[in-house]
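**Q** Show me the folded form of this:
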Amino acid sequence: MTEALISQATGTSDDSTVVPPGPEQGRTHTPAEVEAAVHAIADRSRQAARQMAGATRARKDSGLRAIGAALLTRKDFILAANAKDVAAGKANGTSAALLDRLTLTESRIDGLVASLENLASLPDPVGNVVRGQTLPNGLRLRQINVPMGVVAAIYEARPNVTVDIAGLGLKSGNAVILRGGTAAASTNEALVQILREALDSVGLPADAVQTVDQYGREGANALMRARGRVDVLIPRGGRDLIQSVVLNAAVPVIETGEGNVHIFIDESANEDMAVEILLNAKTQRPSVCNTVETLLVHSRSTVLPAVAAALRGAGVTLHADERIRAALPSSVESVPATDEDWGTEYMDLDLAVAMVDSLDDAVKHIRTWSTGHTEAILTNDLANAERFIAEVDSAAVIVNASTRFTDGGELGLGAEVGISTQKLHARGPMGLTELTTTKWIVQGEGQVRG
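**A** Numbers count the residues shown, from 1 in each chain. Okay, here's the model as predicted:
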């Protein structure tokens, strides 16, 4: 391994801001060299995680606020770096949806700062007592939340995730290793530099936030193989990225899922409410995973013309089945839906629309095509709402509200690492508690087992 690569990986370089040229910067290293460098980064993260686990809430909250202040002070620096990534994305033909996720604006940076301040206001999850009791033999038991340790994340074209994961990791007493991808390379490099400097300014270990971006795809592969060095890995992105991590990682993975999100309008739903919710759920920010992708409409509902007209007026392309197309006014354009549409996460101004004859048919459709992310029902029938809640098996089930609320910040978690669609350990938006595990504390006075 080259001397420069060793120095960066072990933290022995005289200039901690120097990043050695990795595969994506014109310098090729062998897989063995990259693996050794990533392992060294993970070992430094392990040391930082031990310090973070013992940090007080006051120290961690000061770190969050220092990061927020630095983001505001360095806003022009961040936006300039982001402009390079956006320009490169446009030149490479990146889709409008991915460009939207890639783009930072002044207001989006302000939103990240507000999220950090919100995190600082939340209780510290570390040390929280999950349950406890005193046994008949006098042993006193407590199960408490403790940090995971080293949390890694692989994501793409989402620089806001860099700040969200760093903030959540900091508050929950973890160290994080990030792989943010080529599309946001300049932005993430700027953000990681700012994050590390802010942590150091308040006496927290800068190595609590590290990146393997400089080692490209092979760095991501090495991170996935770093069993024993990485405690949990969270992929966040499209289907291909997530499945690549799930199928190839040797470290524990919390699977976040794509969002093939459904809204079912039953026959009792109010027209004004349906129009407002559908417009919000589809058009507020089409590129995100909690945007509705399929609309199911009861055959006896009367709201379809108004909802469809409003969506078309907002620029939404309706991919409709034959029954919907026959029921639409001639003034509302649509295109024929195919089976592919029912399984598609468009992440754009497209919506699949189908007609169903009952709640049972709606649930059946959802069970067939859902990714288990978020489903919603619009209804004035309490029995239908309760049945929908009971029978739909997704991470979030919503009644009479927009699917855009499936979000860590909106649900009071401060932020989120991702939205888990699996059922082990964490499900739904993953906030502070989901980045902890538990341990048992057993206190006795000389008891022995008989």
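
**Q** for this protein, what are the low-confidence residue spans?
**A** Along the chain, the parts satisfying pLDDT under 70 run over 1-27.

**Q** need the helices for the stretch 1-150 of the chain, in chain order.
**A** With DSSP state H, counting those that start in this stretch as the criterion, the stretch 1-150 of the chain has helices at 3-10, 31-53, 57-73, 75-91, 96-102, 106-121.

**Q** helices or strands up against the fifth one?
**A** When you say that, I think you mean helix 96-102. For helix 96-102, the packing partners by 3 or more CB pairs under 8 Å, 6 or more residues apart in numbering; DSSP states H and E come out as helix 75-91. Yep, even glycine has a C-beta here, placed from its N, CA and C like the rest.

**Q** Okay, angle between the helix it packs on and helix 57-73 too, please.
**A** Angle, helix 75-91 to helix 57-73, by axes from the mean of the first three to the mean of the last three CA atoms, to 10 degrees: 70 degrees.

**Q** Arrange the helices of the stretch 1-150 of the chain in JSON lines, one row each, with distance to Ile398 and mean neighbour count as further columns.
**A** JSON lines is the format used below for the helices of the stretch 1-150 of the chain (distance: least, CB to CB, whole Å; neighbours: other CB atoms under 10 Å):
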{"stretch": "helix 3-10", "distance to Ile398": "46", "mean neighbour count": "17"}
{"stretch": "helix 31-53", "distance to Ile398": "35", "mean neighbour count": "20"}
{"stretch": "helix 57-73", "distance to Ile398": "30", "mean neighbour count": "19"}
{"stretch": "helix 75-91", "distance to Ile398": "32", "mean neighbour count": "16"}
{"stretch": "helix 96-102", "distance to Ile398": "23", "mean neighbour count": "18"}
{"stretch": "helix 106-121", "distance to Ile398": "22", "mean neighbour count": "17"}
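
**Q** Nearest to Pro286, out of those?
**A** helix 96-102 (6.6 Å; CB to CB).

**Q** In CSV, list the C-alpha atoms belonging to the closest one.
**A** Only the C-alpha atoms of helix 96-102 are listed here, as CSV (Å, rounded to 0.1, in the frame of the first residue of the first chain):
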residue,chain,number,x,y,z
ALA,A,96,-35.1,15.3,-13.1
ALA,A,97,-36.1,13.3,-10.0
LEU,A,98,-32.4,12.5,-9.1
LEU,A,99,-31.4,16.0,-9.8
ASP,A,100,-34.0,17.2,-7.4
ARG,A,101,-32.6,14.9,-4.7
LEU,A,102,-29.1,16.0,-5.5
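
**Q** All further residue positions should be reported with the first residue as 28.
**A** Will do, 28 is the new start, and the previous item becomes helix 123-129.

**Q** Please work out which residues outside that helix touch it.
**A** Identification of contacts with helix 123-129 by CB atoms under 8 Å, 6 or more residues apart in numbering yields 109, 112-113, 116-117, 121, 184-186, 210-211, 214, 312-315, 374-375.

**Q** of the residues you listed, buried ones?
**A** 109, 112-113, 116, 121, 184-186, 210-211, 214, 313-315, 374-375 (16 or more other CB atoms under 10 Å).

**Q** Pick the one among those residues closest to Thr83.
**A** Pro186 (29.5 Å).

**Q** can you pull the contacts of the closest one?
**A** Here Pro186 is in contact with Asn109, Asp112, Leu129, Leu131, Gly207, Ala211, Thr214, Asn215, Leu218 (criterion: CB under 8 Å, 6+ apart).

**Q** Apart from its neighbours in sequence, what residue is nearest the last one?
**A** Excluding its sequence neighbours, the residue lying closest to Leu218 (CB to CB, 6 or more residues apart in numbering) is Thr189, at 4.7 Å.

**Q** separation between that neighbour and Ala115?
**A** Going from Thr189 to Ala115 by CB to CB, to the nearest Å gives 17 Å.

**Q** Skipping its backbone neighbours, what lies nearest Ile416 in space?
**A** Counting by CB to CB, 6+ apart, Ile416 lies nearest to Val424, which is 5.3 Å off, once chain neighbours are set aside.

**Q** Now stretch 462-477 - C-alpha only, CSV.
**A** Only the C-alpha atoms of stretch 462-477 are listed here, as CSV (Å, rounded to 0.1, in the frame of the first residue of the first chain):
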residue,chain,number,x,y,z
LEU,A,462,-29.7,3.6,16.0
THR,A,463,-29.4,2.0,19.5
THR,A,464,-29.4,-1.6,20.7
THR,A,465,-29.9,-2.8,24.2
LYS,A,466,-28.0,-4.5,27.0
TRP,A,467,-29.1,-6.1,30.2
ILE,A,468,-27.9,-4.8,33.6
VAL,A,469,-28.1,-7.4,36.3
GLN,A,470,-27.3,-6.3,39.9
GLY,A,471,-27.2,-8.7,42.8
GLU,A,472,-25.9,-9.2,46.3
GLY,A,473,-24.1,-12.5,46.0
GLN,A,474,-26.9,-14.6,44.4
VAL,A,475,-26.0,-17.9,42.8
ARG,A,476,-28.1,-20.0,40.5
GLY,A,477,-29.5,-23.2,42.1
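
**Q** Give the buried residues for it.
**A** Judged by neighbour count using 16+ other CB under 10 Å, the buried positions of stretch 462-477 are Leu462, Thr463.

**Q** Just the residues contacting it, thanks.
**A** 152-153, 157, 164-175, 178, 195-196, 199-201, 444, 452.

**Q** do the same with stretch 406-423
**A** 284, 291, 293, 295-297, 386, 389-390, 393-394, 397, 399-402, 404, 424, 426-427, 430, 433, 446-448, 454-456.

**Q** Go again with 7 Å.
**A** With contacts defined as CB atoms under 7 Å, 6 or more residues apart in numbering, stretch 406-423 is touched by 293, 295-297, 386, 390, 393, 397, 399-402, 404, 424, 426-427, 433, 446-448, 454-455.

**Q** Stretch 161-172 too?
**A** 152-160, 460, 463, 465-472, 474.

**Q** 6 Å instead?
**A** Residues from elsewhere that reach stretch 161-172 (CB atoms under 6 Å, 6 or more residues apart in numbering): 152-160, 463, 465, 467-471, 474.

**Q** Quick check: end-to-end length of it?
**A** With CA to CA, to the nearest Å as the measure, stretch 161-172 spans 19 Å from end to end.

**Q** try stretch 278-286
**A** For stretch 278-286, the separation between the terminal residues is 24 Å (CA to CA).

**Q** Same check on stretch 141-156?
**A** 28 Å.

**Q** Quick one: distance of it to the chain centre.
**A** Centroid separation between stretch 141-156 and its chain, computed with CA atoms, centre = their mean, to the nearest Å, is 18 Å.

**Q** neighbouring contacts of that stretch?
**A** 84, 88, 91-92, 94-95, 169, 171-172, 194, 198-200, 436, 441-442, 459-460, 463.

**Q** Strands - which of the contacts of stretch 462-477 land there?
**A** The members of these that map onto strands under DSSP state E are Val157, Arg167, Leu168, Arg169, Gln170, Ile171, Asn172, Val173, Pro174, Val178.

**Q** Closest one of these to Asp103?
**A** For the ones in strands among the contacts of stretch 462-477, the closest approach to Asp103 (CB to CB) belongs to Val178, at 30.1 Å.
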